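Chemist: My questions concern the predicted model and sequence given below.
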Amino acid sequence: MTRRFIAFALGLACTAGAACGRSAAPAAAPEPAPPPAPLPRAAAPRSYAVLDSGPARVNLLLATTRRAVSTDRPGLRYGPDDGDSLQFAAVSVNVPSYRMRGTGELPRTGALRDNALTYRPDPQRDFYVTSTIPVDSARFVQRLAADLATTRSRDLLVFVHGYNVSFEDAAVRAAQMAADLNFDGTVLLFSWPSAASVTAYVRDQQSARNAGFQLLRVLRYHAVAAQPDRIHLLGHSMGAEVIGKAMTLTSPADLSPRLSEVVLAAPDVDSRVFRREILPRLTPHAERITLYASSDDDALRASGVLNGAGRLGLGGDSLVVIDGMDTVDATRVTADVLGHTLFGNQGFLADLALLLADGKPPAERRLLAATKGGLTFYRFRGDRR
C-alpha cells in the first residue's frame, strides 16, 4: 500500500513538471506588446489655396475664461466679464480671398455696418465670426484630436491675445494668422476676458494674470490629451502676462506641458520679472523661446511709463538679449500705427512661418546677426511690404 501511494504521488509530481529524471520545460517567453497604432494624419499639408479665388471658412478651437453672453451674433458669444471657469467652443471665421486683401491685411466691417440694426458683413471682403458652437471639455478634446488628424504635421498652435481685444477681435486675428502663415496644423485660441477698451489697461492687466492658471490647465491637460506632435505657444502683448503667470505656477521639477516653439511678440511684461521669475520656469518646458521686440513700439513705451518698469518687447537700448532666448529686433518691419501689432506685416509672417513650420533657428532665416553685451541677437533686413 505504501509503495503504491509513493508511486502515485511521484506520478502526480512528474505530471506537474517536477524533476523525475528530466528537467522541467522552461516557461514560454511572453509575447511582445504590439506597437501603438500610428496617429491619424493627412497625406498632404493643410492648404489655403482656395483663398486665391474666393473666401473660405477657417475653423478654430476656443478655450476661454470669458463669460458667455446670450446673443444671436456668433462674434459676441463671449463678453468682457470673467466667467471664473473654463469654457470651450468650436469657432468658424470667414476669411476673404487674396483678391480682396493683401497678406497680413485684416479688413473688418466699418462702423456704419457694425451695429445691431445694420450689421451686414460681406463675406467677399470682411473677416468675421460665422459660428460659435459651445462644447464640453471631453467633446473639445475630441474635436481637437479630429482636427489634428486632418493635418500632416499634427502641430498645435495655442494663441494668447493681448490687451484691448474682444473675443471676435481675437478670433479673426487667429484665423488671419492661420491663413497667412499657411499653417499646417490646428489653432487653439485661448481668450481671456479683456475689456476691449483703451481705458481699461489696469483692469486688463489683472484679468490677464488671473487667466494664467486656466491657460496652464489647457496646456497641461486638454492640449496634451489630443496628442499633437508638437505644441507651439504664441503670446502677443499682454498675452505674455497670461503665459508668465502660467509658468510661475509650475515647479522646477514639473516638465508638463512640453512645448516646442514659444513665441513672445511685443510682450507687455516687466522685463526684470521675466528675467528673474518667468524665464527660469519657462526654459525647462520649451525647446526654443523667441522674442520679437521693437524700438518703435509706442504702446509698450506708454506701458513702461504707466507701470514704471521697462517692457520685454521694447527694443533699442532696452532690448533684452539673454541666454536661453532668441531675440529678434523687429524695428525694421512696419507694424500698426502704434508699432505694436506685427501680424499684418509680410516679413514678420514669413519669418514666423519658418520658425513654426520648420523649427529653423534665427541663423538659418533671413535675418541679420548682431551683438549686444557679447551675446548674439538678430534683426530683420528690412520691410518687405
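Modeler: Noted; the coordinates are in hand.
Chemist: Where does residue 90 sit: helix, strand or coil?
Modeler: At residue 90 the chain is in strand, as set by DSSP: H, G, I helix; E, B strand; the rest coil.
Chemist: Who are the contact partners of it?
Modeler: When contacts are counted by C-beta atoms under 8 Å, 6 or more residues apart in numbering, residue 90 touches 59, 60, 61, 62, 131, 132, 133, 135, 143. Any C-beta I mention is one placed from the backbone N, CA and C, and that applies to glycine too.
Chemist: For the first one, list the residues it contacts.
Modeler: The one in question is residue 59. Residues counted as contacts of residue 59 (C-beta under 8 Å, 6+ apart) are 90, 91, 92, 93, 147.
Chemist: quick revisit: ok, so of the contacts of residue 90, who is nearest residue 242?
Modeler: residue 62 (14.8 Å; C-beta to C-beta).
Chemist: quick check, the closest one in a helix?
Modeler: No: under three-state DSSP, residue 62 sits outside any helix and is assigned strand.
Chemist: Tell me how many other residues crowd it.
Modeler: 26 (other C-beta atoms under 10 Å).
Chemist: Let's see the pLDDT reported for it.
Modeler: Predicted confidence (pLDDT) for residue 62: 98.
Chemist: Let me know whether it touches residue 192 as I believe.
Modeler: No: Residue 62 is beyond contact range of residue 192, at 11.7 Å (criterion: C-beta atoms under 8 Å).
Chemist: shaky segments in this protein?
Modeler: 1-30, 32-33, 35, 111-117, 337-339, 383-385 (pLDDT under 70).
Chemist: same thing but 90
Modeler: Counting by pLDDT under 90, the chain shows low-confidence ranges at 1-39, 84, 109-120, 251-257, 296-298, 316, 332-347, 381-385.
Chemist: Please, where are all the strands along it?
Modeler: Ranges of strands in the chain, per DSSP state E, are 56-68, 78-95, 128-135, 155-160, 185-191, 230-236, 259-265, 286-293, 326-329, 367-372, 375-380.
Chemist: Could you export these as JSON lines, including distance to residue 277?
Modeler: Listed next are those as JSON lines, based on distance: least, C-beta to C-beta, whole Å:
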{"stretch": "strand 56-68", "distance to residue 277": "22"}
{"stretch": "strand 78-95", "distance to residue 277": "24"}
{"stretch": "strand 128-135", "distance to residue 277": "35"}
{"stretch": "strand 155-160", "distance to residue 277": "18"}
{"stretch": "strand 185-191", "distance to residue 277": "21"}
{"stretch": "strand 230-236", "distance to residue 277": "16"}
{"stretch": "strand 259-265", "distance to residue 277": "15"}
{"stretch": "strand 286-293", "distance to residue 277": "14"}
{"stretch": "strand 326-329", "distance to residue 277": "19"}
{"stretch": "strand 367-372", "distance to residue 277": "22"}
{"stretch": "strand 375-380", "distance to residue 277": "20"}
